[in-house]
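K.L.:
attaching a predicted model along with its sequence, questions to come.
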Amino acid sequence: MSYQVDNLFPTAVYVADDVKIDCDNLRDQAINLDPSLWAHEKEHHFYVSDNHVLGEYSNKYVRGVILAHAEQYIVDVLHYDIPDQCHLDVSDSWFTNTTEISQVEWHTHTHAFICGILCLDTIGQTHFRNRYKPYKFWNFNAKQDNPYTTSTYTIPSINGRLMLWEADLHHRLTTDQQRYSLAFNIMPRGQISDANTAKLTL
């Protein structure tokens, strides 16, 4: 019998493994960071640094590479029409230090447009959860994983791997060893819209 399948509401996570960034240098920055700049999330047993890593002059190049990938994701993948008076900016950025006892639970970044991770270790993984169907009425076992029935998707961490996604997508991290990464949020800046009834400048 003949039929077609329409893929409704797919979720695009941007993954790039060829980023031209010295991740070993960033990892050394995290390891040698002043202990006073780390905050301990006691409830979840992991550490985060202050949120200005990509604001450092020494990381200006890294910031530029990440923003170039973010623009490619937003324009070429998501096909958003960004106004000429608008540009992308890293609103905050921080190192994470997670261990086998860390519990980075499901969460979103509601104060951001795009968020992402630059992996500094080949350890652990990032899990994503279907934003449209997190819970199912029926739970038959699927004969093989497929995007129509799965509610979660996992991307392993690889040193130098850059991942970007829209900030309302639920995600969490797991690891069985100590793991460093660089996390960040991206926001649009400038004149977002010039519509007469919806002018907005950030």
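P.N.:
Thanks, I have the structure now.

K.L.:
from now on I want contacts and neighbour counts done on CA atoms only, so please keep to that.
P.N.:
Fine.

K.L.:
next SSE downstream of the lengthiest helix in the chain?
P.N.:
Criterion DSSP state H: the longest helix present in the chain is helix 60-72. The helix or strand immediately downstream of helix 60-72 is strand 86-98, counting by DSSP states H and E.

K.L.:
now do the helix or strand following that following strand, average pLDDT.
P.N.:
Using DSSP H and E, the next helix or strand after strand 86-98 towards the C-terminus is strand 104-107. Taken as a whole, strand 104-107 has an average pLDDT of 88.

K.L.:
can you tell me the strand partners of strand 104-107 and which way each runs?
P.N.:
Strand 104-107 has these partner strands in its sheet, going by DSSP bridges: strand 170-174 (antiparallel).

K.L.:
what's in contact with the strand it pairs with?
P.N.:
100, 102-108, 124-131 (CA atoms under 8 Å, 6 or more residues apart in numbering).

K.L.:
contacting residues for Leu67?
P.N.:
Leu88, Asp89, Val90.

K.L.:
now the nearest residue to the first one once chain neighbours are set aside: how far from Tyr80?
P.N.:
Okay, so that is Leu88. Distance criterion CA to CA, 6 or more residues apart in numbering; nearest residue to Leu88, sequence neighbours excluded, is Pro188 at 4.5 Å. According to CA to CA, to the nearest Å, Pro188 stands 12 Å off from Tyr80.

K.L.:
sweet, I'm off.
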